[in-house]
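*Asks:* Sequence first, then the predicted structure:
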Amino acid sequence: MEGLGIPTVGPNKEAAKIETNKAFMRNLFAKYNIKGSLTYKFFDEYSEELESFIDELTEKGIKVVVKPVGLTGGKGVKVVGEQLKDNEEAKKYAKEIFESGLGGGRVLIEEKLEGVEFTLHGFVDKEHIKFTPFVQDHPHAYEGDKGPITGGMGSYSCPTHDLPFLTEEDIRVSKEIMEETVKALKKEVGGYKGILYGQFMLTKEGPKIIEYNARFGDPESMNILAILRSSFLDICKGIVEGNLNNVNVEFDKKATVCKYVVPMGYPENPVRGKEIYVDEEKIKNVGAILHYAAVNEEDGKLIMTGSRAVAVVGVADNIEDAEKIAEEATKFINGQVYHRSDIGKKELIKKRIEIMKKLRG
Ligand code: GLY
């Protein structure tokens with residue numbers, strides 16, 4: 001696009017490697033000594049070293065993750081003790097990646113981070129980063145964080161723009177990790193511009209980066225954009241023109257809760273081609289924001305394609321009220337669908353706080 005003279009909010013191919021190439025990302029952290037990295041090794045072929053690396057991590061009590069290095073649409077990551085029964089299955093899976101060429105046919109073995117996940121986005125103009133509120137997504141399909149991993153069933157953010165389980169130090173460190181990443185990208189590839197999405201795990205040692213995405217998170221963007229007070233156009237201009245530092249990036253001090261309504265069977269075996277009934281008027285009356293996602297309009301009907309179908313967002317002074325608005329809105333979306341009613345509810349948030357308390361001792 002830039003080659004055609006079209007101003008572009010988004011990184012070039014080199015800078016986008018922060019998402020598309022896990023080796024690039026991990027090596028950048030090592031080279032520039034950025035905090036929040038983890039134990040890992042890349043392998044170009046199956047070897048005894050790969051086998052012993054897996055065994056050594058397990059002996060130290062560290063859970064092992066096996067990943068293809070390139071993109072696989074989120075389907076390539078497998079963990080010992082979860083999708084992989086034991087170390088032998090992990091080695092077999094690594095062999096399979098080399099043989100099939102999945103995600104570029106290189107393998108990353110790394111430690112599984114234990115803790116609570118959260119998201120931090122930044123607007124970046126190669127030099128400066130302006131942060132948005134912290135958000136927490138819910139990748140598991142079913143209530144109580146059970147079931148298969150999805151694209152994200154819903155998310156919440158707090159009126160204070162932090163999250164209930166984050167300390168001031170966690171917030172400082174998360175921002176520092178992203179600031180250092182932006183500086184390193186400037187030196188390494190001339191700079192990153194666009195939206196940088198940091199997917200973090202809060203571990204007992206503090207925040208660590210699971211991965212970066214060179215885009216907005218889904219559903220997290222619906223939380224952030226619902227309370228953006230500044231002009232999004234001015235922000236985009238600031239990114240393109242490299243003067244983001246002079247652009248006001250402000251958010252309302254409101255809580256947000258987003259819930260996705262998805263087809264029955266999602267994500268593994270979703271119903272497809274079925275009608276979904278959305279009462280726009282009633283959703284508007286409860287004060288929720290409505291977003292259509294994986295639906296098509298056919299003969300005046302809304303037909304689900306099989307992925308996340310419709311999202312509703314509640315905005316209020318506190319999470320409790322925002323949750324009630326979003327939950328109420330889901331009553332006006334019907335068909336062969338389900339959603340997670342626990343997202344944004346006190347009990348689930350409390351569970352996250354408890355997990356961190358226990359981990360931190
Ligand atoms: N929230 C997950 C994603 O956007 O990839």
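*Replies:* Looks like it arrived, so ask away.

*Asks:* thinking residue 204 is in contact with residue 358, fair?
*Replies:* No - applying CB atoms under 8 Å as the test, residue 204 and residue 358 come out as separate, 9.3 Å apart. In this view, the C-beta of every residue, glycine as well, is placed from N, C-alpha and C.

*Asks:* Okay, helices next: where are they in the stretch 151-300 of the chain?
*Replies:* 168-189, 220-226, 232-241, 280-285 (DSSP state H, counting those that start in this stretch).

*Asks:* Check those helices for me and report the most buried one.
*Replies:* Of all the helices of the stretch 151-300 of the chain, helix 220-226 has the most neighbours on average by mean count of other CB atoms under 10 Å, namely a mean of 23.

*Asks:* Please name every helix or strand in contact with it.
*Replies:* strand 116-125, strand 154-157, strand 255-263, strand 289-292, strand 310-316 (3 or more CB pairs under 8 Å, 6 or more residues apart in numbering; DSSP states H and E).

*Asks:* which residues are in contact with that helix?
*Replies:* Outside helix 220-226, the residues that touch it by CB atoms under 8 Å, 6 or more residues apart in numbering are 119, 121, 132-133, 135, 137, 152, 155-157, 197, 216, 232, 251, 256-258, 289, 291, 311, 313, 315.

*Asks:* Buried by neighbour count, from those: which ones?
*Replies:* Among these, those buried by neighbour count (16 or more other CB atoms under 10 Å) are 119, 121, 132-133, 135, 137, 152, 155-157, 197, 216, 251, 256-258, 289, 291, 311, 313, 315.

*Asks:* picking that back up, residue 82 is nearest to which of the helices of the stretch 151-300 of the chain?
*Replies:* Among the helices of the stretch 151-300 of the chain, the nearest to residue 82 by CB to CB is helix 220-226 (23.8 Å).

*Asks:* Per-residue confidence, the spatially most distant residue from the centre of the chain, what does it come out as?
*Replies:* In the chain, the residue that sits farthest from the middle, by CA atoms, centre = their mean, is residue 299; the gap is 34.7 Å. You'll see residue 299 listed with a pLDDT of 95.

*Asks:* Contact partners for it?
*Replies:* If you count contacts by CB under 8 Å, 6+ apart, residue 299 has none.

*Asks:* I'd like the distance between it and the ligand.
*Replies:* Separation of residue 299 from the ligand (CB to the nearest ligand atom, to the nearest Å): 32 Å.

*Asks:* Perfect, I'm done here.
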